[in-house]
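Trainee: Predicted model and sequence follow; I will ask about them next.
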Amino acid sequence: MKSMLKRGRLAVLACAALTACLPALAWEPSKTVEFVVPAGTGGGADQMARFIQSVIAKNHLMKEPMVVVNQGGGAGAEGFLAVKGDQGDGHKLIITLSNLFTTPLATGVPFNWKDLTPVEMMALDEFVLWVNADTPYKTSQEYIAAMKAAPPGKFKMGGTGSKQEDQIVTVNIEKQTGVKFTYIPYKGGGDVATQLVGKHVDSTVNNPIEAVAQWRAGTLRPLCVFDSKVMPYPNKVTKDMSWQDIPTCKSQGLNVEYLMLRGIFMPGGATPDMVKYYVDVLNKVRETPEWKKFMEDGAFNTSHMTGKEYADWVANAEKTHEQLMKEAGFLAKK
């Protein structure tokens, strides 16, 4: 009997020891995950968030559902402050564009990217100078020449928000060329493209994904891309042109370059296990054929980062935006 009890105790101790050696179960969501878009519907961030959500659902990459929620008030401040207030919440993600930097710098709203936990850079987004296809302009030089011949402010540039990325690019064009736009802000990139089709503005600096449908339909025309190199997508979008056929603005004498973040963050205080869970899910998204097609259709720069590399990139981007906004006179008064 004593021998049996001894063996039993040894078995219990062995089992306990084995359990202690096993790795702890990895974290995963236990309820619906909210994916916040700090911008309006129809724009690039909204389209990417909804696309990611659809790929996750289609491929069953998460057990719990994900819902996309637009909180674009105050140039995205509404969304940023909402996520900031949910410290440590593993059931909330936010997709960021460069308003991650521009909104707090321009408005003084009590938010900084360090209030969030970096998860993953999904891509960088290009900016293209667009005009209505009914206009005679085929290059940025022709467009700028027409502006110089007109009274200052006659030409209207449509963009997403005041003192945001689109207006930063616009101000840089003005500084490079000496022209002066009347800048008209709208709620989102989809609205901006619609306004250009309707000839309510003369040009835009929309992201490719925000104007590709109108370009394909023959109502908009791209003049140049604000990058150091052409976009590496040779398949034809229209009968005559591919993304790769759009020249750089720099090659046309317009020395302005700008790329925008498409990155994922969580609330501050997220644990490493939480971050790892979403990095794993997002990497599975990136491996799908749907994602690769989405990247090409939207002519994205496919730069990708996680971890310290991503956090360091964001820190440097913040410094760059602070300098750009200082030069443009967009910083909030202290």
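Mentor: Done, it's in.
Trainee: The closest residue to M305 other than its chain neighbours in helix, strand or coil?
Mentor: If you skip the residues right next to it in sequence, M305 has M121 as its closest partner in space, 4.2 Å away by CB to CB, 6 or more residues apart in numbering. No exception for glycine: its C-beta is placed from N, CA and C like everyone else's. Secondary structure, DSSP: H, G, I helix; E, B strand; the rest coil: M121 is strand.
Trainee: Could you tell me what pLDDT the model assigned to M121?
Mentor: At M121, the model reports a pLDDT of 97.
Trainee: tell me the contacts of it?
Mentor: Contacts of M121 were listed using CB atoms under 8 Å, 6 or more residues apart in numbering, and they are L261, R262, G263, I264, S303, H304, M305, T306, Y310, W313.
Trainee: likewise M260?
Mentor: Taking CB under 8 Å, 6+ apart as the definition, contacts of M260 comprise G44, L97, S98, L124, D125, E126, F127, E165, N207.
Trainee: Of those, which is the most crowded?
Mentor: N207 (29 neighbours; other CB atoms under 10 Å).
Trainee: just to revisit the earlier point, I'd like the contacts of M260 laid out as JSON lines, including pLDDT.
Mentor: Shown next, in JSON lines, are those (pLDDT from 0 to 100):
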{"residue": "G44", "pLDDT": "83"}
{"residue": "L97", "pLDDT": "89"}
{"residue": "S98", "pLDDT": "89"}
{"residue": "L124", "pLDDT": "95"}
{"residue": "D125", "pLDDT": "94"}
{"residue": "E126", "pLDDT": "95"}
{"residue": "F127", "pLDDT": "96"}
{"residue": "E165", "pLDDT": "90"}
{"residue": "N207", "pLDDT": "91"}
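Trainee: Which one of these is nearest to K276?
Mentor: L124 (23.3 Å; CB to CB).
Trainee: my read is the closest one is in a strand, agree?
Mentor: Yes - judged by three-state DSSP, L124 forms part of a strand.
Trainee: partner residues bridging it?
Mentor: In this entry, L124 is beta-bridged to L261, N301, by DSSP bridges.
Trainee: Check the burial of A45 by counting its neighbours.
Mentor: Burial of A45 is recorded as 33 neighbouring residues (other CB under 10 Å).
Trainee: quick one: what helix or strand has it in it?
Mentor: Taking DSSP states H and E as the criterion, A45 maps to helix 44-58.
Trainee: Equivalent analysis for V279, please.
Mentor: helix 272-286.
Trainee: which helix is the longest one in this structure?
Mentor: For the chain, the helix that runs over the most residues, judged by DSSP state H, is helix 307-328.
Trainee: Residues contacting that one, please?
Mentor: For helix 307-328, the external contacting residues (CB under 8 Å, 6+ apart) are 98, 100-102, 105-106, 113, 118-121, 163, 167-168, 171-172, 175, 261, 263, 305, 331.
Trainee: between it and helix 272-286, how many degrees?
Mentor: Helix 307-328 runs at 80 degrees relative to helix 272-286, counting by axes from the mean of the first three to the mean of the last three CA atoms, to 10 degrees.
Trainee: Give me the secondary structure label for the nearest residue to A146 once chain neighbours are set aside.
Mentor: Once flanking residues are discounted, A146 sits nearest to Y137: 6.7 Å by CB to CB, 6+ apart. Three-state assignment for Y137 (three-state DSSP): coil.
Trainee: just Y233 next, same as before
Mentor: Assigned with three-state DSSP, Y233 falls in the coil class.
Trainee: how much space between it and S242?
Mentor: For Y233, the distance to S242 equals 6 Å [CB to CB, to the nearest Å].
Trainee: Okay then, goodbye and thanks.
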